[in-house]
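S.K.: Kindly return the folded structure for what I paste below:
(chains A and B)
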Amino acid sequence: MADQRELTEAEAARRGWMSLLAKAPAARLAQLWEARGAAPGFDWLRAPEVGGVMVRGRAGGTGAAFNLGEMVVTRCALKLADGRVGHAMVQGRDRKKAEIAALVDAGMQGGEADSLRADLLAVLEAEMTSAKAARAAKADQTKVDFFTMVRGED
Amino acid sequence: MYVAVKGGEKAIDKAHEWLDEARRGDPAVAELSVPQIREQLALAVNRVMAEGSLYDPDLAALAIKQARGDLIEAIFLIRAYRTTLPRFGYSLPVDTGAMECDRRISATFKDVPGGQVLGPTFDYTHRLLDFALEAEGLERPAPEAGQAEHPEMPRVTEFLNKEGLIQDEVAPAPAEDQPDDLTRQPLELPAARPLRLQALTRGDEGFVLSMAYSTQRGYAKNHPFVGELRIGTVAVEAEIPELGFAIEVGEVVLTECETVNQFLGSKSEPPQFTRGYGLVFGQTERKAISMALVDRALRWKEFGEDDKGAPAQDEEFVLYHCDNIQATGFLEHIKLPHYVDFQSELELVRKIRREADEAKMQEAAE
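M.R.: Numbering: from 1, shown residues only, chains lettered A, B, ... in the order given. As a prediction, the model looks like this:
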């Protein structure tokens, strides 16, 4: 694994949408994608393939890396008719999700970027943020203040 | 030794048919769906993911259904499936400090920044059967809906570290930070700590719990506090080789436990607190706490402590016996046909018996 280098602005943006797509709920992504109408034609560079990524942790949270266990992901790569290439690696075993994610990745590198952001990425991001915020609110309601009782004879 | 046998195909087919029928149970009772198991038996699903060493709640739920709720059988199914998956690579080590916590408690500091958050815990329940759950279609009051930000939750051990009172956990240089992988190389001893942690995190919960309990009861005594226990979601980042940078490929729920152990110092180390570490897939806090205690017990050499001969200090004993799939395989194979072996042993016992009887008769005759 290479060290993490400084990303260019374009790379950082691409990392952002690819990460969002990887974590997005598959059914919702498919729904938003289909609502956009006919999908563009493409050729597979790598057909969707289910595999594992070994997740690592660190001893004590900050020490030496160790292998925790694998997670299931699906990856693919495709090329649009105009030559733009889209990549995806998404959580789970849903091949269609990987295909849509790669199509969005390719689309984001051209003229459809603004509409893809508006109809799809922004919607997913808002919904996922809201779901996280709802969970955080539930956690917040279970926050306690322990206080220790005074011990003594008097 | 197990020797192959032939025959029995028809009986085996019928046995499997009956197994399918038994799995389904009474057809008058509605069939369980995989999503129902995933959502409503989530802690069983978490255990299967942790010990199956594969994070996929749908697959774990399917395995539980197929195994009729036998969790070790389900773990076996997941391990077998795992071996069919191509390995795309290794993630960057997850940042548990940035975890979005559902639960976070400390037994050492009551006022921790970020607060003590109980989350959906069994703690403080009365462990009385709730007969209301017997009723179907029970409506529970929905918890108050709201929106909040996940607060910053710095590690509790960081506070002790600021005073230099706890042993530090420093990552090695990236070139040296390449842990061995049990799924790629057989376990060899002595095992470095990263390999031990991998074995423990996928180890049997019952075994790891018992080992941890033995240290609490005095075998390699180490009085630990739970410095911090947190459960929540972390993003997993992995590199996309074609692009040359890492993206988040998904999110996993993890349970992390850090113990703080009293340590009076040794020839090589000053008096300070030391740590044990547990990190496990899913909401699995009994396992994560157990893992942290056993991790600490296994570190005795590193801290120049005495070998008290306790089982939890013996890495060969712990690491070679914590895997329930290896254990099950060896244990259960003895029920398979061993006719040839047994015939030879039978012959041997008969012969010894015959010789003994003859000797006795001869003695009587004399």
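S.K.: going forward, measure contacts and count neighbours with C-alpha atoms only.
M.R.: Noted.
S.K.: and stretch A:114-125 with chain B, contact?
M.R.: No. In terms of CA under 8 Å from any CA of the partner chain, no part of stretch A:114-125 sits within range of chain B; the closest distance is 14.1 Å.
S.K.: Please point out which parts of stretch A:131-138 sit buried.
M.R.: Burial within stretch A:131-138, assessed by neighbour count using 16 or more other CA atoms under 10 Å in any protein chain shown, is assigned to A:132-138.
S.K.: filter these down to the ones near chain B?
M.R.: Answer for these near chain B (CA under 8 Å from any CA): A:133-138.
S.K.: Export the buried residues of stretch A:131-138 as JSON lines, with columns for secondary structure, distance to B:L348 and pLDDT.
M.R.: Compiled in JSON lines, the buried residues of stretch A:131-138 are given as follows (DSSP: H, G, I helix; E, B strand; the rest coil; distance: CA to CA, whole Å; pLDDT from 0 to 100):
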{"residue": "A:K132", "secondary structure": "helix", "distance to B:L348": "69", "pLDDT": "95"}
{"residue": "A:A133", "secondary structure": "helix", "distance to B:L348": "72", "pLDDT": "95"}
{"residue": "A:A134", "secondary structure": "helix", "distance to B:L348": "71", "pLDDT": "94"}
{"residue": "A:R135", "secondary structure": "helix", "distance to B:L348": "68", "pLDDT": "94"}
{"residue": "A:A136", "secondary structure": "helix", "distance to B:L348": "70", "pLDDT": "94"}
{"residue": "A:A137", "secondary structure": "helix", "distance to B:L348": "72", "pLDDT": "94"}
{"residue": "A:K138", "secondary structure": "helix", "distance to B:L348": "69", "pLDDT": "93"}
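S.K.: In JSON lines, list these along with distance to B:A297.
M.R.: Shown next, in JSON lines, are the buried residues of stretch A:131-138 (distance: CA to CA, whole Å):
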{"residue": "A:K132", "distance to B:A297": "37"}
{"residue": "A:A133", "distance to B:A297": "39"}
{"residue": "A:A134", "distance to B:A297": "40"}
{"residue": "A:R135", "distance to B:A297": "36"}
{"residue": "A:A136", "distance to B:A297": "35"}
{"residue": "A:A137", "distance to B:A297": "38"}
{"residue": "A:K138", "distance to B:A297": "36"}
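S.K.: Render the CA-only coordinates of stretch B:94-114 in PDB, please.
M.R.: Taking C-alpha atoms only, stretch B:94-114 is exported to PDB below (Å, rounded to 0.1, in the frame of the first residue of the first chain):
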ATOM      1  CA  VAL B  94      -9.300   2.200   9.900                       C
ATOM      2  CA  ASP B  95      -9.300   5.300  12.000                       C
ATOM      3  CA  THR B  96     -11.300   4.300  15.100                       C
ATOM      4  CA  GLY B  97     -10.600   7.700  16.600                       C
ATOM      5  CA  ALA B  98     -13.000   9.100  14.000                       C
ATOM      6  CA  MET B  99     -15.700   6.500  14.700                       C
ATOM      7  CA  GLU B 100     -19.300   7.800  14.600                       C
ATOM      8  CA  CYS B 101     -20.200   6.200  18.000                       C
ATOM      9  CA  ASP B 102     -23.500   4.700  18.900                       C
ATOM     10  CA  ARG B 103     -22.000   3.800  22.200                       C
ATOM     11  CA  ARG B 104     -18.900   5.000  24.100                       C
ATOM     12  CA  ILE B 105     -18.200   4.500  27.700                       C
ATOM     13  CA  SER B 106     -15.200   4.800  30.000                       C
ATOM     14  CA  ALA B 107     -14.800   3.100  33.300                       C
ATOM     15  CA  THR B 108     -11.800   5.200  34.200                       C
ATOM     16  CA  PHE B 109     -12.900   8.800  33.700                       C
ATOM     17  CA  LYS B 110     -16.500   9.900  34.200                       C
ATOM     18  CA  ASP B 111     -16.100  13.300  32.500                       C
ATOM     19  CA  VAL B 112     -14.700  12.400  29.100                       C
ATOM     20  CA  PRO B 113     -14.900  14.900  26.300                       C
ATOM     21  CA  GLY B 114     -17.600  13.700  23.900                       C
END
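S.K.: So residue 36, which state does it fall into?
M.R.: I went with chain A, as the question did not name one. Per DSSP: H, G, I helix; E, B strand; the rest coil, the secondary structure class of A:R36 is coil.
S.K.: what's the distance between it and chain B?
M.R.: 24 Å (CA to the nearest CA, to the nearest Å).
S.K.: That residue: what's it in contact with?
M.R.: Each residue near A:R36 by CA atoms under 8 Å, 6 or more residues apart in numbering or on different chains is listed here: A:D119.
S.K.: which pair in the buried residues of stretch A:131-138 spans the largest distance?
M.R.: A:K132 and A:K138 (9.9 Å; CA to CA).
S.K.: wait, what's in contact with A:A134?
M.R.: B:145-148.
S.K.: Among the residues you listed, name the ones in strands.
M.R.: Judged by DSSP state E, strands contain none of those.
S.K.: With neighbour count, pLDDT and distance to B:Q40 added, can I get those residues in a markdown table?
M.R.: Converted to a markdown table, the contacts of A:A134 look like this (neighbours: other CA atoms under 10 Å in any protein chain shown; pLDDT from 0 to 100; distance: CA to CA, whole Å):
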| residue | neighbour count | pLDDT | distance to B:Q40 |
| --- | --- | --- | --- |
| B:A145 | 11 | 79 | 21 |
| B:G146 | 14 | 87 | 23 |
| B:Q147 | 16 | 89 | 25 |
| B:A148 | 15 | 88 | 26 |
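S.K.: any chance of these in TSV, plus distance to chain A?
M.R.: Output for the contacts of A:A134, formatted as TSV (distance: CA to the nearest CA, whole Å):
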residue	distance to chain A
B:A145	7
B:G146	5
B:Q147	5
B:A148	5
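S.K.: and the lowest-mean-pLDDT helix or strand in chain B, how far from the chain's centre?
M.R.: Scoring the helices and strands of chain B by mean pLDDT, DSSP states H and E places helix B:156-162 at the bottom, with a mean of 84. In terms of CA atoms, centre = their mean, to the nearest Å, the centre of helix B:156-162 is found 27 Å from the chain centre.
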